[in-house]
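>>> Got a predicted model here, sequence first, then my questions.
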Amino acid sequence: MMLSEDMYQENILEHYKHPHNFGMLEQKDIDVREVNPLCGDVVEMQIILKGDVIEDIKFHGKGCAISQAATSMLTDEVKGKTLKEATEMTKQKILGMLGVEISPVRQKCAFLGLKVLHMCLEKAGHASSKDSHC
Ligand code: FES
């Protein structure tokens, strides 16, 4: 079923108000924090690994609805996946999950969580493909 633009908008707001995987992990294997240089907003992401599987992932920070919702959806998507599978998360996939038109100015917002995820994966020795870089 195709969702309407309104339903995507509503989904973004829902993730913004009640972000999934939001918070901090006491023990973590990877911890990366990154700032959106355009606005100063921050996303910090923490990951617990079991072998090469992302067993748990949490994020926190402050930012606009787009950045927080995109990061919330992204963490849902990669939780339980291998590091290699997580490298396949691209900008296109983020835009698909958000489902609304994102202006060029807001793209840094939409991809902030993805950038942090890629930094986490690089720390774990898994570089992402070029087209997924922010
Ligand atoms: Fe700062 Fe969107 S305005 S992340």
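Thanks, I have it. This one's a predicted model, so the numbers in the text were calculated from it and none came from an experiment.
>>> When you work out contacts or count neighbours from here on, use the C-alpha atoms and nothing else.
Fine.
>>> does Asn21 really touch Leu74, like I thought?
No. With contact defined as CA atoms under 8 Å, Asn21 does not count as touching Leu74 (9.7 Å).
>>> Let me see the ranges of the helices in this structure.
The residue ranges that make up the helices of the chain, judged by DSSP state H, are 5-17, 65-78, 83-86, 91-98, 107-110, 112-123.
>>> any idea how far the longest one is from the chain center?
What that stands for is helix 65-78. Helix 65-78 has its average C-alpha position 5 Å from the chain's average C-alpha position, going by CA atoms, centre = their mean, to the nearest Å.
>>> pLDDT of it, averaged?
Along helix 65-78, the predicted confidence averages to a pLDDT of 98.
>>> before we move on, what about the third one?
The average pLDDT for helix 83-86 rounds to 96.
>>> cool, and the first one?
In this model, helix 5-17 carries a mean pLDDT of 95.
>>> With the fifth one instead?
Per-residue pLDDT values over helix 107-110 give a mean of 96.
>>> Begin at 8 from now on, thanks
Sure, I'll start numbering at 8, so the last one becomes helix 114-117.
>>> Surely Met126 is in contact with Val39?
Yes. Contact between Met126 and Val39 holds when scored by CA under 8 Å: they sit 6.9 Å apart.
>>> Leu32 - how many residues pack around it?
Counted with other CA atoms under 10 Å, residues neighbouring Leu32 total 16.
>>> Would you enumerate the residues in contact with it?
Under the criterion of CA atoms under 8 Å, 6 or more residues apart in numbering, the contact list for Leu32 reads 53-54, 64-65.
>>> So which of Asn28 and Leu81 has more stuff around it?
Set side by side, Asn28 and Leu81 give different neighbour counts by other CA under 10 Å, the larger being at Leu81 (22 against 19).
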